[in-house]
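*Asks:* Show me the folded form of this:
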Amino acid sequence: MRVLILGGTVFLGRHLVEAAQRRGHELTLFNRGRSNADLFPEVETLHGDREAGADGLAALQGRQWDAVIDTCGYLPGVVASSARALADAAPAYAFVSSISVLADTSTPKQTEAAPLAQLPDGAAPDEFTLPHYGALKALCEAEVRAIYGEAALIVRPGLIVGPHDPTDRFTYWPRRVAQGGEVLAPPAEQRVQFIDARDLADWILRVLEARVGGTYFGVGPRHSTSMADVLEACRTLNTPTAEFTHLSDEFLLAHEVKPFTELPLWVPASDRGFLDVDLTAALSVGIAYRPLVETIADTLRWDLTRPADTEIRAGLTLEREAQLLAAWHAR
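*Replies:* Next comes the predicted model:
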């Protein structure tokens, strides 16, 4: 296939490029040239700014592709203008959305038909704010469906993990467990879902190759996985001396630990549906997952290549962890 990737140089985008190359596709990237601009010198890259309207999309005119993958659409107006500009240039459009589009994050096992988040009255659809991220993504999905119809492929990942993750929201755990000692951990039984970026990239391309549209949760793994399972996999692979102390939701909330960022993969019971959706639809179109230990090993191997002074963007500092553990044991 001739594939156009909007983005293509950051995390999922770079894994899409590498997966497409392995699968023998002809690639074009479209981006502003600001992030990892020298990453794929062998791949045709067109520069523009989709937020600048028609002028910013000028480089796409007069071209033809078999499929478009939009990895970086956050505002419905911007996504709509891109999709309209490409409607006659490519018969299929894959939009990377988010599981955050769900209106209800408390109910487990929701399907893709569950109600979606909506912008509150007075909120601007052309202005990105983090609290409105899910509602804006839902509006973006609607724009792609309106333009591409059944040829629209809407993928809703949850937490994307693996090498080159700029968020550290999974990397924290392999890194912390490898340091050994007493490790502060969320409730052991909490169910978690995430997907290796390489598995997500390969699956998106396979679905496009099969010319399948529709809406799918792009999460995993196939079988139920708990926080204890993830931590044990980290320990088995890296540091058998690590010991886990699982703190309760009530304690973490009382001590103002920030879910998902300060303590990655943890969300309170009231939001557990965010990490426990139904995978039936994605499994029906061939989503597949590598072993958890492979994702952990590769993530840690990549993490060790980063400069020692790299700012870690998620997770507890050792000082904060020690304070919380001391308070837990002193109850």
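
*Asks:* Only C-alpha atoms from now on, for both contacts and neighbour counts.
*Replies:* Noted.

*Asks:* CA atoms of stretch 47-62 as CSV?
*Replies:* Extracted C-alpha coordinates of stretch 47-62, given in CSV (Å, rounded to 0.1, in the frame of the first residue of the first chain):
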residue,chain,number,x,y,z
HIS,A,47,6.1,19.5,5.6
GLY,A,48,3.1,21.6,6.5
ASP,A,49,0.9,22.6,9.5
ARG,A,50,-2.6,21.2,9.5
GLU,A,51,-3.6,23.8,12.1
ALA,A,52,-3.0,26.5,9.5
GLY,A,53,-6.0,25.4,7.4
ALA,A,54,-5.9,24.9,3.6
ASP,A,55,-2.5,26.6,3.2
GLY,A,56,-1.0,24.4,5.8
LEU,A,57,-2.2,21.3,3.9
ALA,A,58,-1.0,22.5,0.4
ALA,A,59,1.8,19.9,0.2
LEU,A,60,-0.8,17.1,0.1
GLN,A,61,-2.5,18.4,-3.0
GLY,A,62,-2.3,16.4,-6.2
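
*Asks:* Go ahead and name everything in contact with that stretch.
*Replies:* Stretch 47-62 has contacts (C-alpha atoms under 8 Å, 6 or more residues apart in numbering) with 30, 31, 32, 33, 46, 78, 81, 82, 85, 86, 89.

*Asks:* Correct me if wrong: the second one contacts residue 10.
*Replies:* So the one you mean is residue 31. No: with contact defined as C-alpha atoms under 8 Å, residue 31 does not reach residue 10; the gap is 10.7 Å.

*Asks:* And residue 309, which helix or strand is it part of?
*Replies:* Assigned by DSSP states H and E, residue 309 belongs to no helix or strand.

*Asks:* tally of neighbours for it?
*Replies:* 6 (other C-alpha atoms under 10 Å).

*Asks:* Phi first, then psi, for it.
*Replies:* phi -90, psi 20 (degrees, to the nearest 10).

*Asks:* circling back: can you tell me which of the contacts of stretch 47-62 has the most neighbours?
*Replies:* Top of the contacts of stretch 47-62 by neighbour count (other C-alpha under 10 Å): residue 86, with 25 neighbours.

*Asks:* wait, what's in contact with it?
*Replies:* residue 60.

*Asks:* in the stretch 1-150 of the chain, which spans are helices?
*Replies:* Using DSSP state H, counting those that start in this stretch, the helices found in the stretch 1-150 of the chain span residues 12-22, 76-86, 133-148.

*Asks:* Around the closest residue to residue 89 other than its chain neighbours, count how many other residues there are.
*Replies:* Leaving aside its sequence neighbours, residue 89 sits nearest to residue 64 (C-alpha to C-alpha, 6 or more residues apart in numbering; 4.6 Å). Look at residue 64: counted by other C-alpha under 10 Å, it has 15 neighbours.
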